[in-house]
Each structure stands twice: as structure tokens, then as C-alpha cells.
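>>> I would like to see how this sequence folds:
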Amino acid sequence: MSVELPLWRALTAYRVLTMVYAILLFAFAYGKFHRPWVAVGYFAVLTVWTLATLPRVANAARCTKGFLCADLTVALAGILLTPVADSHARVVGGATTMPSIWTAGAVLAFAIKGGWRWAAFASSLVAVANVTERGEPSAGTVHNVVLVWIASIAIGYIVEVARASERTLARALEIEAATRERERLARDIHDSVLQVLAMVQRRGAELGGESAELGRMAGEQEVALRTLVSSGLVPPTRDPADTGTDAGTGAASGAGANGDTGGGADADGSGPCDLRSLLAPHAGSRVSFAEPGAPVLIDPLAAKELAAAVSAALNNVRRHAGSGARAWILVEDEPAEVIVTVRDDGPGIPEGRLAAAEGEGRLGVALSIRGRLRDLGGSAELISVPGQGTEVELKVPKKTRRTMRGTERGGRDTGRDTGTGHAGHGT
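Predicted coordinates:
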């Protein structure tokens with residue numbers, strides 16, 4: 001049930017009760033009115049209006065702006081007609097206006113419908129009408145005006161908070177329902193698809209030939225699907241310009257010609273991006289991906305550049321460490337920075353090889369990896385022991401420099417000069 005519904009019900013009852021109260025006040029003071037027929041005419045209109053518009057205050061959809069303006073006009077008209085109907089002595093003496101506290105109902109309708117700003121607007125008009133009716137701001141008038149003003153604004157603010165809480169709760173329920181559905185699908189996939197893929201991989205390896213290649217492909221898809229099911233990651237929709245790259249084909253297609261890893265980070269940097277969604281497609285039979293259990297949220301521009309650096313490192317692994325080499329990607333979410341480690345079990349880099357490659361003009365590591373992170377305020381450290389593989393540690397601060405050199409290197413090829421070496425294999 002909507003949190004606003006009880007408020008609308010309470011307002012409906014309030015309008016009827018305060019209408020009856022205003023009529024009784026007039027009946028008891030009928031003989032003191034200078035022109036009682038004016039008051040009778042107004043109360044006839046007020047009664048018909050209140051009873052006829054009860055459906056209008058049943059919910060927010062029916063309580064339109066036009067109705068609110070008309071309702072407030074009825075209240076203001078009653079206030080301004082009070083000096084015409086009542087005696088001057090009673091008006092100066094502080095007698096209540098003809099609509100009395102019914103006027104507060106019109107102001108509260110503004111508060112429930114539009115929040116505290118609408119309430120402040122309506123209560124200000126009521127304040128001006130009350131001062132005009134009295135002729136001067138008396139102590140009683142100021143007291144009543146301030147009371148209505150504060151009460152209506154407070155209720156309007158409470159309504160806004162309640163609406164925000166209701167939206168948050170609805171979103172939480174949606175996430176819970178989606179999580180349960182994902183868990184159900186994960187169980188079904190595990191009991192069917194994953195087992196079939198594993199069987200195809202084993203049988204293909206046993207049969208050899210073309211069957212072995214089919215088994216290898218089934219093994220890669222099994223690993224990718226298992227990673228997706230276990231993490232629940234769904235890569236966000238990419239820009240139309242990036243639709244030519246299939247993000248689901250594994251690490252080999254994870255980095256396009258323009259350095260887009262298929263993660264779909266917002267090009268305008270409008271919100272944080274989950275780095276895991278950009279790195280997860282790299283997982284395969286030869287690439288293991290280890291991630292935190294919670295989203296790794298960083299600036300989308302930084303996420304895109306970091307993912308491109310990882311792609312460059314993996315490209316070098318495939319090119320220089322051999323087709324049988326394995327690679328591992330580890331993501332660490334620290335309070336002040338994000339650390340991504342890419343490690344392989346290849347032959348390693350001979351000492352001095354990187355410096356020699358830079359001297360020959362081959363700058364794959366210098367530009368595609370170190371250069372990207374340097375522009376973000378991060379760093380890339382390369383550790384390689386001949387015969388024991390290579391490890392590249394990429395660090396990016398959570399708060400990166402948004403003004404990057406050039407134009408985000410949007411058109412730079414992450415694979416440029418990848419032939420110049422793996423993060424330590426002959427670059």
C-alpha cells in the first residue's frame with residue numbers, strides 16, 4: 001500500500017469535519033453577523049464544494065493542479081468575504097474567518113500533492129489573505145499564519161521523504177526478486193548446460209581431431225558461463241559505435257581495434273562504472289578472473305582505460321608467451337585505489353629487453369599500459385623473472401584526474417605495438 005494513501009484518507013475526513021465545525025461556529029454567532037445572508041450563501045457553496053470534491057482528494061492522481069487552485073480559491077474567497085458578512089467589531093476583535101480551519105485542508109492538499117515547496121506557496125497566499133482581512137497583522141493573525149505555514153511545510157517534507165523511501169524499498173524488492181531468479185537460473189544452468197559443456201569437452205579431448213577443437217571451444221564457453229553465473233555480471237549496453245565487437249567471445253575479442261573492451265562505460269562519465277563488467281569477458285579456458293564479491297565502482301573513463309591496459313597485457317601474453325600459456329586477472333578494491341594484477345606463466349622477459357624495445361621505437365608497454373595509467377594518476381609496475389612468467393600490477397586511484405591529455409585517447413588502438421611485447425616478453 002502506498003505511504004500516501006493514509007494521508008489522503010485523513011485529509012478527506014479533515015475536510016468534512018472542519019466544514020461542519022465552520023458551519024457550527026456560524027450558527028452559534030448568527031445574530032452577530034452584519035450581513036448573515038452573505039455567510040449563508042458562502043457556506044452553501046462550501047458545503048456543496050466539499051462534499052462534491054471528496055473523490056478528488058482520494059489520491060494524488062485525482063488531485064490535479066486545477067483542482068488545487070480552485071480549492072484554494074474557495075478558501076481565500078471565504079477569508080476575504082468575512083469582513084463583508086461579519087461585523088467590523090468582531091473582525092477587529094479577532095473573530096475567526098468564515099472557513100475557519102477548513103482553510104488548512106486546502107493548504108495540506110498542496111503539501112501532500114507537491115511537497116513542501118507547494119505547501120509554502122499555498123500557505124503564503126493564505127497568510128496574505130488573512131492580513132488583508134484583518135487590515136493589519138495582529139498577534140493572533142501572525143500566530144495562526146506561522147502555525148499553518150510551519151505545519152504544512154513539515155508535512156510536505158515528510159511526504160517527500162516517504163516517497164523517496166518507498167522508491168528505495170521498491171528498488172530493493174526488485175533487486176531481491178532478480179537475485180532469486182538469477183539463483184534459480186544458476187541452479188538450472190549448473191544442472192544442465194554446464195554439465196553438457198563439460199561432457200563435450202572431455203569427449204572431444206578423447207576423440208581428438210576436429211572433435212578436440214570442438215571440445216576446446218565447449219570448455220571455453222563453460223568457463224565463461226560459469227563465471228557469469230557465479231558473479232551475476234551482465235555487461236551494460238555499449239554505445240552504438242561499439243556494437244561491432246562481440247563482448248561474449250572471450251579475451252580475444254575483449255579489446256576492439258579502438259581499445260574498447262566492450263564494457264560499455266558511459267562516454268559522458270555520468271556515473272560510476274563497475275570495473276568487473278569490463279574485465280569479466282576476458283575469462284576463458286586460459287584466463288582466470290578473480291574479483292571481489294561487491295561492485296568495484298570507479299570513474300567510467302578510468303574504468304575504460306584500465307580495461308584497455310589489461311587487454312593490452314593479455315594481447316602480449318597471447319602473442320609472446322605462447323598459445324599454451326595461462327593468465328590470471330586479480331581485481332582488488334582498496335579504499336583509495338583499485339589494483340588489477342595480470343600474471344602469466346610464460347617464459348618471462350630477459351633483463352634489459354624493455355629498455356631495448358623502447359630504444360627501437362616499440363612502445364607497446366610504455367604507451368598502451370604505462371601511458372594510460374599515468375594519465376589517470378596511476379601507475380603500472382612490471383615484475384618478470386626469466387622462466388617464471390611476468391606480473392603486471394596496475395594501480396588507479398578512486399579519484400582520478402578527469403581532465404585527461406588529449407581526448408581520452410578514444411581512437412587509440414589498445415593493440416598498437418602489441419607486437420612489441422607482452423608486459424615483459426620482448427617489448
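>>> all helices for the stretch 251-400 of the chain, in order.
Assigned by DSSP state H, counting those that start in this stretch, the stretch 251-400 of the chain shows helices spanning 275-279, 300-320, 353-359, 372-375.
>>> identify each buried residue in the first one, please.
Neighbour counts over helix 275-279 (16 or more other Cβ atoms under 10 Å) mark 275, 276, 277, 278, 279 as buried. All C-beta spots, glycine's among them, are computed from the backbone N, C-alpha and C.
>>> and residue 42, helix, strand or coil?
Assigned with DSSP: H, G, I helix; E, B strand; the rest coil, residue 42 falls in the helix class.
>>> so it touches residue 98, yeah?
Yes - with contacts counted by Cβ atoms under 8 Å, residue 42 reaches residue 98, the gap being 5.7 Å.
>>> who has more neighbours, the two?
residue 98 (28 against 21; other Cβ atoms under 10 Å).
>>> next, the closest residue to that one other than its chain neighbours: secondary structure please.
Leaving aside its sequence neighbours, residue 98 sits nearest to residue 78 (Cβ to Cβ, 6 or more residues apart in numbering; 4.5 Å). The local conformation at residue 78, judged by three-state DSSP, is helix.
>>> mind listing what residue 78 touches?
Counting by Cβ atoms under 8 Å, 6 or more residues apart in numbering, residue 78 touches 42, 46, 97, 98, 99, 102, 103.
>>> quickly find the element holding the fourth one.
When secondary structure is defined by DSSP states H and E, residue 98 falls outside every helix and strand.
>>> if I look at it, how far off is residue 144?
14 Å (Cβ to Cβ, to the nearest Å).
>>> and for the fifth one?
Applying Cβ to Cβ, one obtains 12 Å for the distance of residue 99 from residue 144.
>>> which of these two has more neighbours?
Between residue 99 and residue 144, counted using other Cβ under 10 Å, residue 99 has the larger neighbour count: 25 against 20.
>>> give me the neighbour count for residue 130.
Neighbours of residue 130 (other Cβ under 10 Å): 23.
>>> over to residue 178?
Neighbour tally, residue 178, other Cβ under 10 Å: 11.
>>> and if you look at residue 41?
Neighbours of residue 41 (other Cβ under 10 Å): 13.
>>> the one 5 residues further on now?
When counting by other Cβ under 10 Å, one arrives at 20 neighbours for residue 46.
>>> over to residue 324?
8.
>>> same question, residue 6
Applying other Cβ under 10 Å, I find that residue 6 has 10 neighbouring residues.
>>> neighbouring contacts of the helix or strand hosting it?
When elements are defined using DSSP H and E, residue 6 is found to belong to helix 5-28. If you take Cβ under 8 Å, 6+ apart as the criterion, helix 5-28 is touched by 33, 39, 43, 46-47, 50-51, 54, 57-60, 63, 96, 98-102, 104-105, 108-109, 112, 155, 159.
>>> so which of these sit within helices?
39, 43, 46-47, 50-51, 102, 104-105, 108-109, 112, 155, 159 (DSSP state H).
>>> and the residues you listed, which are buried?
The buried subset of the ones in helices among the contacts of helix 5-28 - by 16+ other Cβ under 10 Å - is 39, 43, 46, 50, 102, 104, 105, 108, 109, 112, 155, 159.
>>> which residues touch the fourth one?
Under the criterion of Cβ under 8 Å, 6+ apart, the contact list for residue 50 reads 15, 16, 19, 102.
>>> roughly how far apart are it and residue 173?
Taking Cβ to Cβ, one finds residue 50 at 38 Å from residue 173.
>>> and if you look at the second one?
Distance of residue 43 to residue 173, given as Cβ to Cβ: 48 Å.
>>> can you flag the buried ones in the contacts of residue 50?
Buried members of those, scored by 16+ other Cβ under 10 Å, are 15, 19, 102.
>>> residue 391: which of the residues you listed is nearest?
residue 15 (73.2 Å; Cβ to Cβ).
>>> quick one: low-confidence parts of the stretch 151-300 of the chain?
186-192, 226-270 (pLDDT under 70).
>>> run the last query once more with 80
Filtered on pLDDT under 80, the stretch 151-300 of the chain yields the residue ranges 179-198, 201, 209-210, 219, 221-271, 284-285, 293.
>>> residues contacting the residue nearest to the spatial centre of the chain?
Nearest to the geometric centre of the chain sits residue 271, at 8.2 Å (Cα atoms, centre = their mean). Shown in contact with residue 271 (Cβ under 8 Å, 6+ apart): residue 300.
>>> any idea how far residue 59 is from it?
33 Å.
>>> just put the ones in helices among the contacts of helix 5-28 in JSON lines and tack on distance to residue 322.
Listed next are the ones in helices among the contacts of helix 5-28 as JSON lines, based on distance: Cβ to Cβ, whole Å:
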{"residue": "39", "distance to residue 322": "99"}
{"residue": "43", "distance to residue 322": "95"}
{"residue": "46", "distance to residue 322": "90"}
{"residue": "47", "distance to residue 322": "91"}
{"residue": "50", "distance to residue 322": "85"}
{"residue": "51", "distance to residue 322": "87"}
{"residue": "102", "distance to residue 322": "86"}
{"residue": "104", "distance to residue 322": "81"}
{"residue": "105", "distance to residue 322": "80"}
{"residue": "108", "distance to residue 322": "76"}
{"residue": "109", "distance to residue 322": "75"}
{"residue": "112", "distance to residue 322": "70"}
{"residue": "155", "distance to residue 322": "71"}
{"residue": "159", "distance to residue 322": "66"}
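>>> settle this for me: residue 113 is touching residue 63, isn't it.
Yes - with contact defined as Cβ under 8 Å, residue 113 counts as touching residue 63 (5.2 Å).
>>> next one: residue 332 from residue 301, what distance?
In terms of Cβ to Cβ, residue 332 sits 20 Å off from residue 301.
>>> comparing these two, which residue is more hemmed in?
Neighbours around residue 332 and residue 301, counted as other Cβ under 10 Å, are more numerous at residue 301. The numbers are 22 against 15.
>>> how confident is the prediction for residue 356, by pLDDT?
Looking at residue 356, its pLDDT is 55.
>>> same check on residue 380?
85.
>>> which strand residues bridge it?
residue 394 (DSSP bridges).
>>> now do the one 10 residues further on
Residue 390 forms beta bridges with residue 384, as assigned by DSSP bridges.
>>> let me know the closest of the ones in helices among the contacts of helix 5-28 to residue 130.
residue 104 (11.8 Å).
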